[in-house]
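Undergrad: generate a structure from the sequence data that follows.
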Amino acid sequence: MNFDLDDEHRALAAAARTFLSGSASPAASRAALADGAGIKPGRAELVKSGFAAITIPEAAGGGGGSVLDLAVVAEQAGRVLAGPSLVTFARAAVLFDDERLAALADGSLAVAVVDDSGPVLDAIGAEEFLALRDGALVCGPGTVTAREPIDPTRGLGDVDLGETTVLAPDATARWQRAERVGRTILAAEGLGAASRVLEIGVEYAKQRQTFGRAIGSYQAVKHLLVDVYVEVEQLRSLVWWAAWAADRAPDELPLAAAAAKAAAASTLEHAAETVIQVHGGIGFTWEHDAHLYWRRAKVDRFLLGDDVAAYDEVARLAMAEATR
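TA: Numbering: from 1, shown residues only. Here you go, the predicted model:
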């Protein structure tokens, strides 16, 4: 099995990087944190680009693409700390009926998905909320109480649902698939963020001089960065496996999505902390970007279940498979 990307996906990644790097950046994340500036590129621009609607069927106005297509874009979004998250669009694309999918694709409906554990991703600015209640998929308005932002691009808030409409009475299986697809896209965003912060560390290690040598020439620094590189490449394989499973092998998706989610949480946090360490004193300052990726790591590890629960799920699923 080949987990590398083909030329079509590489072209998609290049197009996504061009758009996202031109409309979002760590500087925009810092501005949102410092003075409450809007997140970039924002819902409207993300929908207008067409990237948010990749997995929505063409009949509903979307791209009719695969989860792997969206994961390729999500990696590029993670590199620049873009918001809102493509996770929300990915989950809604699984959960909504055709009428609401069309509204999601054209940008006339701003939605967030309510999980019972922790604050709601992209709650800020959402107009309708999806939730699972007693096995039924429901949708309706809600009152949002914003959380103090650690990573403002995540738009976290607590949601008090109002009167809801039942979209599907028995939707547990659909909800679980949406959650697993969401975990896959979240891991892809984490992959992009970890890759970018590692690049920042490597670039600095090549340039920073001490005792007449670049600090990257010292084994202690080399080993720190190589360890992160190995983790990032392992995560890359897990993300592509999970995305492939979502499209082609649904029986493998529960294990693949849990593994990708768990690895993304620990990899991004380790990458950010390592790069802060490599930078020394300046790495801890407000002016440097490294802390913004660290903030993203601290938030993401608790989205869609924490990494400990994900690792536990991996163990249970692997044991169950081994004892069949």
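
Undergrad: please count neighbours and contacts with C-alpha atoms only from this point.
TA: OK.

Undergrad: my guess is P84 meets T153, correct?
TA: Yes - the pair P84 and T153 passes the contact test of C-alpha atoms under 8 Å, sitting 6.4 Å apart.

Undergrad: common neighbours of those two, please.
TA: Overlap of the contact sets of P84 and T153 (by C-alpha atoms under 8 Å, 6 or more residues apart in numbering) consists of 39-40.

Undergrad: so where do the helices sit in this protein?
TA: Residue ranges of the helices in the chain, as given by DSSP state H, are 7-23, 26-35, 42-49, 67-79, 86-95, 98-106, 172-207, 219-248, 253-279, 290-300, 307-322.

Undergrad: buried set for the shortest one?
TA: By neighbour count with 16 or more other C-alpha atoms under 10 Å, helix 42-49 contains the buried residues 42-43, 45-47.

Undergrad: low-confidence stretches in the chain?
TA: Segments of the chain classed as low confidence (criterion: pLDDT under 70) are 1-3.

Undergrad: before we move on, the earlier item: and of the helices of the chain, who's closest to D115?
TA: Of all these, the one in closest proximity to D115, counting by C-alpha to C-alpha, is helix 172-207 (9.5 Å).

Undergrad: how far out from the middle of the chain is stretch 84-91?
TA: Using C-alpha atoms, centre = their mean, to the nearest Å, the mean C-alpha position of stretch 84-91 is found 8 Å from that of the whole chain.

Undergrad: now stretch 275-292
TA: Centroid separation for stretch 275-292 versus its chain: 22 Å, with C-alpha atoms, centre = their mean.

Undergrad: nearest to S237 among the buried residues of helix 42-49?
TA: Closest to S237 out of these is L46 (26.4 Å), distances taken as C-alpha to C-alpha.

Undergrad: and the closest one, what does it touch?
TA: A52.

Undergrad: before we move on, what about the one 5 residues further on?
TA: Contact analysis of F51 by C-alpha under 8 Å, 6+ apart lists 16, 70, 73.

Undergrad: ok so, going back, among the helices of the chain, which is the most enclosed?
TA: For the helices of the chain, the largest average neighbour count (mean count of other C-alpha atoms under 10 Å) is found in helix 67-79, namely a mean of 27.

Undergrad: what about it, distance to the chain center?
TA: Per C-alpha atoms, centre = their mean, the centroid offset for helix 67-79 relative to its chain is 8 Å.

Undergrad: got it, and stretch 260-274?
TA: Centre to centre, stretch against its chain (C-alpha atoms, centre = their mean), the figure for stretch 260-274 is 12 Å.

Undergrad: kindly report the same for stretch 65-80.
TA: 9 Å.

Undergrad: quickly list the domain ranges of this protein.
TA: The record, using automatic domain parsing to delimit domains, assigns the chain the ranges 7-170, 174-322.

Undergrad: in CSV: the buried residues of helix 42-49, plus distance to R133.
TA: Putting the buried residues of helix 42-49 into CSV (distance: C-alpha to C-alpha, whole Å) gives the following:
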residue, distance to R133
G42, 29
R43, 27
E45, 32
L46, 29
V47, 28
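
Undergrad: taking those residues together, which two end up most distant?
TA: Applying C-alpha to C-alpha across the buried residues of helix 42-49, the maximum distance is between G42 and V47, 8.6 Å.

Undergrad: what's the neighbour count on I56?
TA: In terms of burial, I56 registers 25 neighbours under the definition other C-alpha atoms under 10 Å.

Undergrad: please name the nearest non-neighbouring residue to it.
TA: The shortest distance from I56 to any non-neighbouring residue, by C-alpha to C-alpha, 6 or more residues apart in numbering, is to G62 (4.5 Å).

Undergrad: most centrally placed residue in this protein?
TA: When C-alpha atoms, centre = their mean is applied to the chain, the residue found nearest the centroid is L186 (2.7 Å).

Undergrad: list the contacts for that one?
TA: For L186, the contacting residues are 74, 86-87, 261, 300, taking C-alpha under 8 Å, 6+ apart as the criterion.

Undergrad: how much space between it and A262?
TA: Using C-alpha to C-alpha, to the nearest Å, L186 is found at 11 Å from A262.

Undergrad: cool, L109 as well?
TA: Taking C-alpha to C-alpha, one finds L109 at 31 Å from A262.

Undergrad: ok, A178 next?
TA: To A262, A178 is 17 Å away according to C-alpha to C-alpha.

Undergrad: I figured H279 hits K206, correct?
TA: No - in this structure, H279 sits apart from K206 without contact. The criterion is C-alpha under 8 Å, and the distance is 11.4 Å.

Undergrad: got a list of what P26 touches?
TA: Residues in contact with P26, defined by C-alpha under 8 Å, 6+ apart, are 80-81, 289, 292.

Undergrad: if we go to 10 Å?
TA: With contact set as C-alpha atoms under 10 Å, 6 or more residues apart in numbering, P26 has these partners: 32, 40, 79-82, 153, 288-293.

Undergrad: what does A90 give?
TA: A90 sits in contact with 52-56, 67, 70-71, 178-186, where contact means C-alpha under 10 Å, 6+ apart.

Undergrad: alright, I will stop here.
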